[in-house]
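A.B. asks: need a structure here:
(one chain, ligands or ions: 1)
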Amino acid sequence: MTNIKNVTDFGAGVLGSQIAYQAAFFGFNVTAWDINDDALQAGRERYRTLATRYINDNMPDAHIKANDVAENISLTTDKKEALKDADIVIEACPEILSLKQELWEEIGELAPSHTILCTNSSSLLPSDIKNYTGHPDRFLAYHFANEVWKHNTGEVMGTEDTNQEVFDTVVEFASEMGMVPIPVLKEKAGYLLNSLLIPFLSAAQGLAAFGFGSPKDIDKTWKIATGAPKGPFEILDIVGLTTAYNIASAGDETSRKVAAWLKENYIDKGKLGVGTGEGFYSYK
Ligand code: NAD
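C.D. replies: Sure, this is the predicted structure:
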(Lines give C-alpha, C1' and ligand atoms only; values in the text may rest on other atoms or scores of the structure.)
Protein backbone atom coordinates (compact mmCIF):
# COMPACT_ATOMS: atom_id res chain seq x y z
CA MET A 1 0.00 0.00 0.00
CA THR A 2 1.25 3.51 -0.76
CA ASN A 3 1.32 6.37 1.76
CA ILE A 4 -0.80 8.53 -0.54
CA LYS A 5 -3.84 10.05 1.16
CA ASN A 6 -4.20 13.55 -0.31
CA VAL A 7 -4.63 13.99 -4.05
CA THR A 8 -4.55 17.38 -5.75
CA ASP A 9 -6.02 17.75 -9.22
CA PHE A 10 -5.11 20.72 -11.41
CA GLY A 11 -7.86 21.47 -13.95
CA ALA A 12 -11.52 20.57 -13.35
CA GLY A 13 -12.40 20.14 -17.04
CA VAL A 14 -13.42 16.97 -18.89
CA LEU A 15 -10.58 14.75 -17.71
CA GLY A 16 -9.58 16.56 -14.53
CA SER A 17 -13.10 16.23 -13.12
CA GLN A 18 -13.11 12.51 -13.86
CA ILE A 19 -9.69 11.98 -12.28
CA ALA A 20 -10.66 13.94 -9.15
CA TYR A 21 -13.98 12.14 -8.86
CA GLN A 22 -12.46 8.68 -9.38
CA ALA A 23 -9.79 9.31 -6.71
CA ALA A 24 -12.42 10.64 -4.27
CA PHE A 25 -14.74 7.71 -5.04
CA PHE A 26 -11.91 5.35 -4.06
CA GLY A 27 -11.48 7.09 -0.70
CA PHE A 28 -8.76 9.70 -1.22
CA ASN A 29 -9.02 13.29 0.07
CA VAL A 30 -9.20 15.31 -3.10
CA THR A 31 -8.61 19.01 -3.69
CA ALA A 32 -9.23 20.46 -7.14
CA TRP A 33 -7.67 23.67 -8.42
CA ASP A 34 -8.85 25.69 -11.44
CA ILE A 35 -8.36 29.21 -12.77
CA ASN A 36 -11.52 30.87 -11.43
CA ASP A 37 -14.77 30.23 -9.58
CA ASP A 38 -16.74 29.64 -12.78
CA ALA A 39 -14.36 26.88 -13.83
CA LEU A 40 -14.61 25.33 -10.35
CA GLN A 41 -18.40 25.56 -10.39
CA ALA A 42 -18.41 23.82 -13.79
CA GLY A 43 -16.19 21.18 -12.18
CA ARG A 44 -18.70 20.67 -9.33
CA GLU A 45 -21.49 20.21 -11.91
CA ARG A 46 -19.34 17.62 -13.68
CA TYR A 47 -18.83 15.72 -10.40
CA ARG A 48 -22.62 15.67 -9.93
CA THR A 49 -23.12 14.29 -13.43
CA LEU A 50 -20.42 11.72 -12.77
CA ALA A 51 -22.25 10.61 -9.62
CA THR A 52 -25.23 9.68 -11.79
CA ARG A 53 -23.00 7.93 -14.33
CA TYR A 54 -21.31 5.87 -11.58
CA ILE A 55 -24.74 4.88 -10.21
CA ASN A 56 -26.07 3.98 -13.66
CA ASP A 57 -22.94 1.98 -14.42
CA ASN A 58 -23.29 0.05 -11.15
CA MET A 59 -19.93 1.04 -9.69
CA PRO A 60 -19.54 -0.67 -6.27
CA ASP A 61 -21.53 1.16 -3.54
CA ALA A 62 -22.26 4.04 -5.93
CA HIS A 63 -25.91 4.16 -4.86
CA ILE A 64 -24.74 4.79 -1.26
CA LYS A 65 -21.85 7.22 -1.71
CA ALA A 66 -21.71 8.67 -5.25
CA ASN A 67 -23.60 11.90 -4.45
CA ASP A 68 -21.58 12.60 -1.28
CA VAL A 69 -18.35 12.08 -3.22
CA ALA A 70 -19.42 14.82 -5.65
CA GLU A 71 -19.92 17.32 -2.80
CA ASN A 72 -16.84 16.39 -0.74
CA ILE A 73 -14.13 17.32 -3.23
CA SER A 74 -12.53 20.59 -1.99
CA LEU A 75 -12.27 23.37 -4.54
CA THR A 76 -9.82 26.26 -4.65
CA THR A 77 -8.35 28.83 -7.02
CA ASP A 78 -5.35 29.26 -4.69
CA LYS A 79 -2.41 27.14 -5.82
CA LYS A 80 -0.65 27.32 -2.45
CA GLU A 81 -3.77 26.13 -0.65
CA ALA A 82 -4.32 23.36 -3.24
CA LEU A 83 -0.81 22.03 -2.77
CA LYS A 84 -0.11 22.42 0.92
CA ASP A 85 -0.95 18.81 1.90
CA ALA A 86 -0.59 17.12 -1.49
CA ASP A 87 0.94 13.64 -1.59
CA ILE A 88 0.38 13.52 -5.33
CA VAL A 89 -0.57 16.13 -7.94
CA ILE A 90 -2.27 15.18 -11.19
CA GLU A 91 -2.39 17.98 -13.76
CA ALA A 92 -5.13 17.97 -16.43
CA CYS A 93 -4.89 21.51 -17.83
CA PRO A 94 -5.07 22.59 -21.51
CA GLU A 95 -2.78 20.76 -23.92
CA ILE A 96 -0.52 23.75 -24.59
CA LEU A 97 3.17 23.19 -23.89
CA SER A 98 4.03 26.74 -22.74
CA LEU A 99 0.97 26.83 -20.46
CA LYS A 100 1.95 23.54 -18.85
CA GLN A 101 5.61 24.59 -18.49
CA GLU A 102 4.65 27.81 -16.67
CA LEU A 103 2.14 26.05 -14.47
CA TRP A 104 4.60 23.31 -13.52
CA GLU A 105 7.21 25.90 -12.59
CA GLU A 106 4.76 27.21 -9.98
CA ILE A 107 3.59 23.78 -8.82
CA GLY A 108 7.21 22.67 -8.44
CA GLU A 109 7.95 25.65 -6.19
CA LEU A 110 4.83 25.37 -4.04
CA ALA A 111 4.45 21.60 -3.54
CA PRO A 112 5.93 19.96 -0.43
CA SER A 113 9.22 18.11 -0.90
CA HIS A 114 7.62 14.64 -0.86
CA THR A 115 4.85 15.35 -3.41
CA ILE A 116 4.73 13.17 -6.54
CA LEU A 117 4.14 15.28 -9.63
CA CYS A 118 2.11 13.86 -12.58
CA THR A 119 0.83 15.21 -15.86
CA ASN A 120 -2.09 13.67 -17.73
CA SER A 121 -0.96 15.18 -21.05
CA SER A 122 -2.06 13.10 -24.06
CA SER A 123 0.38 14.28 -26.68
CA LEU A 124 3.26 16.08 -24.94
CA LEU A 125 6.26 14.24 -23.55
CA PRO A 126 7.01 14.57 -19.83
CA SER A 127 10.63 15.27 -20.84
CA ASP A 128 9.42 18.55 -22.40
CA ILE A 129 8.13 19.67 -18.99
CA LYS A 130 10.35 17.96 -16.39
CA ASN A 131 12.98 20.68 -15.98
CA TYR A 132 10.33 23.34 -15.35
CA THR A 133 9.13 21.43 -12.29
CA GLY A 134 12.53 21.80 -10.62
CA HIS A 135 12.14 18.17 -9.46
CA PRO A 136 12.48 15.88 -12.51
CA ASP A 137 13.12 12.91 -10.20
CA ARG A 138 9.56 13.21 -8.84
CA PHE A 139 7.86 14.05 -12.16
CA LEU A 140 6.20 11.66 -14.64
CA ALA A 141 3.14 11.15 -16.83
CA TYR A 142 0.06 9.37 -15.52
CA HIS A 143 -2.37 9.16 -18.42
CA PHE A 144 -6.06 8.34 -18.31
CA ALA A 145 -8.56 7.47 -21.05
CA ASN A 146 -11.87 9.35 -21.26
CA GLU A 147 -14.57 7.80 -18.99
CA VAL A 148 -11.91 6.77 -16.49
CA TRP A 149 -14.18 4.54 -14.39
CA LYS A 150 -15.09 2.35 -17.40
CA HIS A 151 -12.05 2.60 -19.64
CA ASN A 152 -9.80 2.41 -16.62
CA THR A 153 -6.29 2.15 -17.98
CA GLY A 154 -3.73 4.23 -16.09
CA GLU A 155 -0.64 4.53 -18.27
CA VAL A 156 2.38 5.41 -16.13
CA MET A 157 5.36 6.77 -18.06
CA GLY A 158 8.48 8.38 -16.61
CA THR A 159 11.45 10.13 -18.15
CA GLU A 160 15.10 9.13 -17.82
CA ASP A 161 15.18 11.23 -14.64
CA THR A 162 12.16 9.75 -12.89
CA ASN A 163 13.08 7.93 -9.70
CA GLN A 164 12.11 4.23 -9.94
CA GLU A 165 10.51 4.31 -6.48
CA VAL A 166 8.30 7.22 -7.56
CA PHE A 167 7.31 5.34 -10.74
CA ASP A 168 6.46 2.19 -8.75
CA THR A 169 4.43 4.22 -6.23
CA VAL A 170 2.29 5.70 -9.02
CA VAL A 171 1.74 2.21 -10.47
CA GLU A 172 0.55 1.03 -7.05
CA PHE A 173 -1.52 4.18 -6.47
CA ALA A 174 -3.23 3.63 -9.84
CA SER A 175 -4.57 0.30 -8.54
CA GLU A 176 -5.62 1.94 -5.28
CA MET A 177 -7.78 4.41 -7.21
CA GLY A 178 -9.47 1.72 -9.29
CA MET A 179 -7.34 1.90 -12.41
CA VAL A 180 -5.54 -0.91 -14.22
CA PRO A 181 -1.92 0.31 -14.16
CA ILE A 182 -0.06 0.09 -17.44
CA PRO A 183 3.67 0.74 -16.97
CA VAL A 184 5.14 2.29 -20.12
CA LEU A 185 8.75 1.18 -19.85
CA LYS A 186 10.32 3.82 -22.11
CA GLU A 187 9.15 7.34 -22.91
CA LYS A 188 7.06 7.36 -26.07
CA ALA A 189 4.69 9.90 -27.63
CA GLY A 190 1.22 8.35 -27.59
CA TYR A 191 1.99 5.94 -24.72
CA LEU A 192 0.86 2.37 -25.55
CA LEU A 193 -2.81 3.07 -26.27
CA ASN A 194 -2.53 5.88 -28.80
CA SER A 195 0.55 4.29 -30.40
CA LEU A 196 -1.79 1.43 -31.36
CA LEU A 197 -5.02 3.31 -31.87
CA ILE A 198 -3.91 6.19 -34.11
CA PRO A 199 -2.24 4.04 -36.84
CA PHE A 200 -5.22 1.64 -36.72
CA LEU A 201 -7.79 4.42 -37.18
CA SER A 202 -5.63 6.08 -39.87
CA ALA A 203 -5.43 2.81 -41.84
CA ALA A 204 -9.21 2.45 -41.71
CA GLN A 205 -9.77 6.04 -42.89
CA GLY A 206 -7.27 5.51 -45.75
CA LEU A 207 -9.18 2.42 -46.93
CA ALA A 208 -12.44 4.35 -47.05
CA ALA A 209 -11.05 7.66 -48.36
CA PHE A 210 -9.31 5.95 -51.30
CA GLY A 211 -12.37 3.88 -52.17
CA PHE A 212 -11.31 0.37 -51.12
CA GLY A 213 -14.34 -0.26 -48.93
CA SER A 214 -17.19 1.54 -47.20
CA PRO A 215 -16.91 2.52 -43.51
CA LYS A 216 -19.67 0.03 -42.67
CA ASP A 217 -17.96 -2.86 -44.49
CA ILE A 218 -14.58 -2.02 -42.95
CA ASP A 219 -16.16 -2.08 -39.48
CA LYS A 220 -17.99 -5.31 -40.30
CA THR A 221 -14.79 -6.99 -41.47
CA TRP A 222 -12.88 -5.97 -38.35
CA LYS A 223 -15.61 -7.07 -35.96
CA ILE A 224 -16.46 -10.43 -37.56
CA ALA A 225 -12.87 -11.44 -38.25
CA THR A 226 -11.35 -10.44 -34.91
CA GLY A 227 -14.29 -10.55 -32.49
CA ALA A 228 -13.71 -6.90 -31.54
CA PRO A 229 -16.85 -5.21 -30.18
CA LYS A 230 -16.42 -2.03 -32.23
CA GLY A 231 -15.05 -1.19 -35.66
CA PRO A 232 -12.69 1.72 -36.37
CA PHE A 233 -15.44 4.01 -37.67
CA GLU A 234 -17.61 3.36 -34.61
CA ILE A 235 -14.57 4.30 -32.50
CA LEU A 236 -13.97 7.42 -34.63
CA ASP A 237 -17.56 8.53 -34.04
CA ILE A 238 -16.89 8.38 -30.27
CA VAL A 239 -13.51 10.14 -30.46
CA GLY A 240 -15.05 12.85 -32.67
CA LEU A 241 -14.22 13.54 -36.32
CA THR A 242 -12.68 16.93 -35.53
CA THR A 243 -9.87 15.22 -33.61
CA ALA A 244 -9.42 12.72 -36.46
CA TYR A 245 -9.33 15.61 -38.95
CA ASN A 246 -6.73 17.52 -36.90
CA ILE A 247 -4.48 14.47 -36.69
CA ALA A 248 -4.82 13.70 -40.42
CA SER A 249 -4.19 17.36 -41.37
CA ALA A 250 -0.87 17.32 -39.50
CA GLY A 251 0.42 14.28 -41.44
CA ASP A 252 2.07 13.66 -44.84
CA GLU A 253 0.49 14.20 -48.29
CA THR A 254 -1.53 10.96 -48.23
CA SER A 255 -2.76 11.78 -44.76
CA ARG A 256 -3.80 15.27 -45.88
CA LYS A 257 -5.90 13.70 -48.69
CA VAL A 258 -7.68 11.70 -45.99
CA ALA A 259 -8.24 14.95 -44.07
CA ALA A 260 -9.78 16.55 -47.20
CA TRP A 261 -12.09 13.53 -47.61
CA LEU A 262 -13.19 13.81 -43.98
CA LYS A 263 -13.83 17.53 -44.37
CA GLU A 264 -15.82 17.30 -47.59
CA ASN A 265 -17.97 14.30 -46.67
CA TYR A 266 -18.45 14.71 -42.93
CA ILE A 267 -17.08 17.81 -41.18
CA ASP A 268 -18.59 20.36 -43.62
CA LYS A 269 -21.95 18.60 -43.27
CA GLY A 270 -21.85 18.88 -39.46
CA LYS A 271 -21.33 15.13 -39.09
CA LEU A 272 -18.81 15.22 -36.25
CA GLY A 273 -19.63 11.96 -34.48
CA VAL A 274 -21.77 10.84 -31.55
CA GLY A 275 -21.63 14.34 -30.00
CA THR A 276 -23.59 15.87 -32.93
CA GLY A 277 -25.93 12.89 -33.42
CA GLU A 278 -24.26 11.84 -36.68
CA GLY A 279 -20.83 10.89 -37.96
CA PHE A 280 -20.15 7.77 -39.99
CA TYR A 281 -23.36 6.47 -38.38
CA SER A 282 -26.55 8.21 -37.30
CA TYR A 283 -27.41 8.33 -33.57
CA LYS A 284 -30.66 10.29 -33.89
P1 NAD B 1 -10.59 20.74 -20.72
O2 NAD B 1 -10.46 21.90 -21.63
O3 NAD B 1 -11.91 20.07 -20.59
O4 NAD B 1 -10.13 21.17 -19.24
C5 NAD B 1 -9.01 21.99 -18.99
C6 NAD B 1 -9.19 22.68 -17.65
O7 NAD B 1 -8.01 23.39 -17.37
C8 NAD B 1 -10.36 23.66 -17.62
O9 NAD B 1 -11.16 23.42 -16.49
C10 NAD B 1 -9.65 25.02 -17.55
O11 NAD B 1 -10.38 25.98 -16.81
C12 NAD B 1 -8.38 24.65 -16.84
N13 NAD B 1 -7.24 25.58 -16.97
C14 NAD B 1 -6.21 25.61 -16.10
N15 NAD B 1 -5.34 26.56 -16.44
C16 NAD B 1 -5.82 27.17 -17.52
C17 NAD B 1 -5.35 28.25 -18.31
N18 NAD B 1 -4.23 28.89 -18.02
N19 NAD B 1 -6.10 28.61 -19.36
C20 NAD B 1 -7.25 27.98 -19.65
N21 NAD B 1 -7.72 26.94 -18.92
C22 NAD B 1 -7.03 26.54 -17.87
O23 NAD B 1 -9.46 19.71 -21.19
P24 NAD B 1 -9.40 18.12 -20.97
O25 NAD B 1 -10.02 17.42 -22.13
O26 NAD B 1 -9.84 17.80 -19.59
O27 NAD B 1 -7.83 17.88 -21.11
C28 NAD B 1 -6.95 18.24 -20.07
C29 NAD B 1 -5.69 17.42 -20.19
O30 NAD B 1 -6.01 16.04 -20.15
C31 NAD B 1 -4.91 17.64 -21.49
O32 NAD B 1 -3.54 17.58 -21.21
C33 NAD B 1 -5.32 16.46 -22.35
O34 NAD B 1 -4.32 16.08 -23.27
C35 NAD B 1 -5.49 15.38 -21.29
N36 NAD B 1 -6.37 14.27 -21.68
C37 NAD B 1 -7.60 14.51 -22.24
C38 NAD B 1 -8.39 13.43 -22.61
C39 NAD B 1 -9.78 13.64 -23.22
O40 NAD B 1 -10.35 12.67 -23.74
N41 NAD B 1 -10.36 14.84 -23.13
C42 NAD B 1 -7.94 12.12 -22.40
C43 NAD B 1 -6.70 11.92 -21.79
C44 NAD B 1 -5.91 13.01 -21.45
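A.B. asks: state the number of residues packed around the closest residue to the ligand within the stretch 151-284 of the chain.
C.D. replies: Nearest residue of the stretch 151-284 of the chain to the ligand: residue 239, at 8.3 Å (Cβ to the nearest ligand atom). From N, CA and C alone the C-beta is placed, and that goes for glycine too. With neighbours defined by other Cβ atoms under 10 Å, the count for residue 239 comes to 18.
A.B. asks: would you map out the domains in this structure?
C.D. replies: As assigned by automatic domain parsing, the chain contains the domains 6-183, 195-276.
A.B. asks: quick one: average pLDDT of the last one?
C.D. replies: Spelled out, it's domain 195-276. The predicted model gives domain 195-276 an average pLDDT of 96.
A.B. asks: centre of the chain to it, how far?
C.D. replies: Centroid separation between domain 195-276 and its chain, computed with Cα atoms, centre = their mean, to the nearest Å, is 20 Å.
A.B. asks: what's the first-to-last distance across that domain?
C.D. replies: For domain 195-276, the first-to-last residue distance is 27 Å (Cα to Cα, to the nearest Å).
A.B. asks: show me what contacts the residue lying closest to residue 140 once chain neighbours are set aside?
C.D. replies: Leaving aside its sequence neighbours, residue 140 sits nearest to residue 158 (Cβ to Cβ, 6 or more residues apart in numbering; 4.1 Å). Listed by Cβ atoms under 8 Å, 6 or more residues apart in numbering, the contact set of residue 158 reads 126, 140, 141, 166, 167, 187.
A.B. asks: those residues in helices, which ones?
C.D. replies: Judged by DSSP state H, the subset of the contacts of residue 158 located in helices is 166, 167.
A.B. asks: from the contacts of residue 158, which two are the most distant?
C.D. replies: 166 and 187 (14.6 Å; Cβ to Cβ).
A.B. asks: neighbour count winner among those two?
C.D. replies: Legend: neighbour count by other Cβ under 10 Å for residue 166 and residue 187, higher for residue 166 (20 against 16).
A.B. asks: can I assume the more buried one is in contact with residue 138?
C.D. replies: Yes: counting by Cβ atoms under 8 Å, residue 138 is a contact partner of residue 166 at 5.5 Å.
A.B. asks: shared neighbours of the two, which are they?
C.D. replies: Common neighbours of residue 166 and residue 138 (criterion: Cβ under 8 Å, 6+ apart): residue 116.
A.B. asks: strands of the stretch 51-200 of the chain, residue ranges please.
C.D. replies: Listed in chain order, the strands of the stretch 51-200 of the chain (DSSP state E, counting those that start in this stretch) span 74-76, 88-91, 116-119, 139-144, 153-157, 180-184.
A.B. asks: dump those strands into JSON lines; add distance to residue 13 and mean neighbour count as well.
C.D. replies: As requested, the strands of the stretch 51-200 of the chain are exported to JSON lines (distance: least, Cβ to Cβ, whole Å; neighbours: other Cβ atoms under 10 Å):
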{"stretch": "strand 74-76", "distance to residue 13": "13", "mean neighbour count": "17"}
{"stretch": "strand 88-91", "distance to residue 13": "11", "mean neighbour count": "26"}
{"stretch": "strand 116-119", "distance to residue 13": "14", "mean neighbour count": "27"}
{"stretch": "strand 139-144", "distance to residue 13": "12", "mean neighbour count": "26"}
{"stretch": "strand 153-157", "distance to residue 13": "18", "mean neighbour count": "23"}
{"stretch": "strand 180-184", "distance to residue 13": "23", "mean neighbour count": "16"}
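A.B. asks: I'd like these as a markdown table, with mean pLDDT and distance to residue 258 appended.
C.D. replies: Listed next are the strands of the stretch 51-200 of the chain as a markdown table, based on pLDDT from 0 to 100; distance: least, Cβ to Cβ, whole Å:
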| stretch | mean pLDDT | distance to residue 258 |
| --- | --- | --- |
| strand 74-76 | 98 | 42 |
| strand 88-91 | 98 | 32 |
| strand 116-119 | 98 | 30 |
| strand 139-144 | 98 | 26 |
| strand 153-157 | 98 | 27 |
| strand 180-184 | 98 | 28 |
